[in-house]
Structures are given as structure tokens and as C-alpha cells.
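*Asks:* Quick one: sequence and predicted model below, then my questions.
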Amino acid sequence: MSTPSKPKVVLAYSGGLDTSVILKWLCEKGFDVIAFCADVGQHHEDFEAVKAKAVSCGALKCVVTDLRKEFVEHYIFDAIKCNAIYEGRYLLGTSVARPCISKEMVRIAKEEGAAYVAHGATGKGNDQVRFEMCAQALDARIKTIAPWRDAEFIESFKGRSDLLAYCTKHGIPVDAKPKSNYSIDENLFHTSYESGVLEDASCTYEESMFKMTVSPQAAPDKSTEIDIEFVKGIPVKLTNKTDGTVKTDPLELFMYANEIAGANAVGRIDIVENRFVGIKSRGVYETPGGTLLRDAHMDLEGICMDREVKRIAEGLSNEFARLCYNGFWFAPEMDLIRHSVDYSQRDVTGVVSLELYKGNIICRGRTSPNALYHPDLASMDIEGGGDDFDYNPSDAAGFIRINAVRLKTYAALRAKTA
């Protein structure tokens, strides 16, 4: 009689302590585990070592997929195109990466015939929601195993000491480097730091923590001058006018934006944000290239986007950020927003000139073949609108009177009830 095959699970694997323990635990629970590691631009990651560790922990194999190009072109640039920012401050570095990773994890599950996916996200964070919402949106039949919500797993592993004891028992290699005083998430878009000592919202951090940026104090005393060219809202060319470097490939362009912005201390924030699960959390983020490109894009929109389109686009941007943060990347309403944003970007083409200096992004000018800005129409030295526009300043009196009618009516009501 043939032995029944084991159920297969694709585990989002980092090679760290938690996911290595989870991998072995899943094997003990009777699963064939396929480890999956997404290369989304983690700094100095040794993926061959990650693969070897996964197999040594019991994985059938470890699949490493280079998602950097897709991440930039179809996720980061989508966020920049709509100026996405959560709660006015967070540029969504982790949030944007999760659907990119989830999509590949589900693809691998289908290819391998796995009915399950698994992750090491905690039961208090946003990532559990993002991974699982994305997975279910992409494959309604997929099932998710979340050990940090499993009663038996939690009972067995109450802290780091229990995880380390399990590693010792099963011969799982443990990184000899001391554990950081905070949790780190890395990708091309950003690096985030949270938990540990940072859970005290009044506690500051050490300068040595940062990986992508220098402090303003350590930044060069000479500024860097650059041009960024956009076509339909997408950055297509970055020129460093200080040293002549030019980048046009999307991945190379974004990596170079990270390099020059980070070297000039651009892109650090320390915030307290509202997680989707209802908990406030403190995070320290560095997003150098994203900060630079978003600032440039917003400036270009100012010269070539209609006022009312801009007003509606700002609402779309807020909704995009909320949906992305909460894990609804593959939801129908997100599709609607992305198509609407694409339409709003039809004329957002041009070049923005910037100066980077000690944490500051200083705009030095912008040009666009689709500019709605006309010097003669805006000029204080020309009475009308110039040769091309019929604008009579005296018409403004009637414009003001009509717009003031409701204000006068409201004021009269208030006076009557005072």
C-alpha cells in the first residue's frame, strides 16, 4: 500500500530565528515545506546561505525569487504615481512590498500543488492581514497557517529563550551576532525599525541603527543637483548634474535615487501610526529614494495637472494609501483607484530640477510640454491674460459676489440667533 503524500505548504522564509523554528515545527506537524524567500532588495542578504539553512531545517527546497524589478515597476512606482502616504507621513515601504511577495508565494503554491501558505507574522501586526488578504484575493482556495496565532505554538514558544532551546534541540544554526534592540524590515523602498527599545515612544535611537541614510550632520557640506524626468507620472530618467551620472533603467534609477538621497540625509521619519488591527505603534523609517521621487512628482503635478483633477486625485491618493496599508492591494476598489490614477497622469510629463542638501529637497525649477501654467496669464505686469487668453480682472468682482452669497446668508443666520 502506498504511503499517503503529505500536505504541502509554502512558507514565507527569511532565514531568521522565527521562520527557521516555524519551518521545523511545520515539518514535525506532518507538512512538506517549501521555503520561499523573496529578494525585494534586502541589504547584503546572502540568499545562498538562506537556501542552505532552509534545507538543513527540513525544507524540501528553498525558492529564492528576484522580485526587485517587478517591485519597483509595478508597486513602488504605482505608489509614487499617486503620491501615496499613510496618515500624512508613512510612505508605505512595508505595505507595498507585501502584495508583491504574496503574489509570488501564491504562484509558487500553485506550481508546487501546495494547498497551504504560511508566514511568521505576529498576531498583533498588520502583516498577518496583508499576507492573508492578498493570498485569498489571488486564490480563494488557499489556506493559511499562522503559527503566531496557533495556541499550541504560542504555548510552546513564549519567548526568545524557548525558540533558542528548540534550535539547540534540533540542530538549527543560530546567528552568532547579538540580537538587535529592535525589529527590522528591509527592502528596496525602505528600512523600518520597530519593537524592542523603540516601543517606548519617548526613547530615542542610536545613529548606528540606520542603513540607508546618513544624519544631516554627517551629510556633505556641498549640495547635489539633479534632474528627474517623468512620463505620465512615472520616473524615466535621473541625471546627477553634479557628477554627470545618468540612470534610465527603472531598477537602477530607483537604487540610485536611494543612494544620492540617502547620502544627503533625505528620507528619515520617526512616527506613531495606527495599525489596521486597532493598535498604535511606533516606527522609525528611512525611505530616501521614495521621498525624493514623490516630492519631484508632486511638484511636476503642480504645473501640468488641472486644479479639480488634482483635488480628486488627492482623495484617490489617501484611499490608495489606506487600502494598501490595510492589505487590500488586490481588491476591486484598488483596481478602480489605479485606473483612475493612470487617467489623471496622462499629462504629467516633464522634468523637475532639484537640489539635495542636508535632509532638504529644494526645488530649483520644472518644465513640461503639457504645462497648464502660462506666464502671461499669471503675470502681475500684464493686465489681462496676454494674447492667448481672454481674462478681464474686473470680472473678479462678480465672481467674488456670487461666491460670497452663501457666506452672507450664513452670517445673517448667526446674527439672528446670537
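*Replies:* Cool, the structure landed.
*Asks:* Residue 338 and residue 75 touch, don't they?
*Replies:* No - contact criterion CB atoms under 8 Å: residue 338 and residue 75 do not qualify, at 11.1 Å. Using the backbone N, CA and C atoms, a C-beta is placed for each residue, glycine as well.
*Asks:* neighbour count winner among these two?
*Replies:* Between residue 338 and residue 75, residue 75 has the larger neighbour count (other CB atoms under 10 Å), namely 26 against 16.
*Asks:* Outside of the helix ranked longest in the chain itself, list whatever touches it.
*Replies:* The longest helix of the chain (DSSP state H) is helix 395-417. Around helix 395-417, nothing counts as a contact under CB atoms under 8 Å, 6 or more residues apart in numbering.
*Asks:* Could you pull up the mean pLDDT of that helix?
*Replies:* Throughout helix 395-417, pLDDT has a mean value of 92.
*Asks:* any low-confidence regions in the stretch 251-400 of the chain?
*Replies:* Scanning the stretch 251-400 of the chain with the threshold set as pLDDT under 70 gives 381, 384-386.
*Asks:* Mind jotting down where the strands sit in it?
*Replies:* For the stretch 251-400 of the chain, applying DSSP state E, counting those that start in this stretch gives strands covering 268-274, 280-286, 350-357, 360-367.
*Asks:* Quick check: which helices or strands does the second one pack against?
*Replies:* Taking 3 or more CB pairs under 8 Å, 6 or more residues apart in numbering; DSSP states H and E as the contact definition, the neighbouring helices and strands of strand 280-286 are strand 191-194, strand 268-274.
*Asks:* Partner strands of the longest one, with direction?
*Replies:* In this case it means strand 268-274. Taking DSSP bridges as the criterion, strand 268-274 forms sheet pairs with strand 280-286 (antiparallel).
*Asks:* how about the partner strand as CSV, C-alpha atoms only?
*Replies:* Extracted in CSV, the C-alpha atoms of strand 280-286 (Å, rounded to 0.1, in the frame of the first residue of the first chain):
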residue,chain,number,x,y,z
LYS,A,280,-0.9,52.3,17.8
SER,A,281,2.7,51.5,17.0
ARG,A,282,5.9,53.5,16.9
GLY,A,283,8.1,53.1,13.8
VAL,A,284,11.3,54.7,12.6
TYR,A,285,11.6,54.6,8.8
GLU,A,286,14.2,55.6,6.2
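*Asks:* and it, which residues are buried?
*Replies:* 281, 282, 283, 284, 285, 286 (16 or more other CB atoms under 10 Å).
*Asks:* Would you format those residues as JSON lines with distance to residue 154 included?
*Replies:* Putting these into JSON lines (distance: CB to CB, whole Å) gives the following:
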{"residue": "281", "distance to residue 154": "20"}
{"residue": "282", "distance to residue 154": "24"}
{"residue": "283", "distance to residue 154": "24"}
{"residue": "284", "distance to residue 154": "28"}
{"residue": "285", "distance to residue 154": "29"}
{"residue": "286", "distance to residue 154": "32"}
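*Asks:* Looking at those, which one is closest to residue 125?
*Replies:* Of all those, residue 125 sits closest to residue 281, with 7.9 Å by CB to CB.
*Asks:* Okay, and residue 166 sits in which element?
*Replies:* Using DSSP states H and E, residue 166 falls within helix 160-170.
*Asks:* and that helix, how far out from the chain's middle?
*Replies:* The chain centroid and the centroid of helix 160-170 are separated by 33 Å, computed with CA atoms, centre = their mean, to the nearest Å.
*Asks:* That helix - contacts with which helices or strands?
*Replies:* Against helix 160-170 (3+ CB pairs under 8 Å, 6+ apart) you get helix 17-28.
*Asks:* And the helix it packs on, what does it pack against?
*Replies:* Going by 3+ CB pairs under 8 Å, 6+ apart, helix 17-28 lies up against strand 8-12, strand 32-39, helix 47-56, helix 151-156, helix 160-170.
*Asks:* now these as a markdown table including mean neighbour count, mean pLDDT and distance to residue 218?
*Replies:* A markdown table is the format used below for the helices and strands packed on helix 17-28 (neighbours: other CB atoms under 10 Å; pLDDT from 0 to 100; distance: least, CB to CB, whole Å):
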| stretch | mean neighbour count | mean pLDDT | distance to residue 218 |
| --- | --- | --- | --- |
| strand 8-12 | 24 | 97 | 35 |
| strand 32-39 | 24 | 97 | 29 |
| helix 47-56 | 17 | 95 | 31 |
| helix 151-156 | 12 | 94 | 43 |
| helix 160-170 | 13 | 92 | 33 |
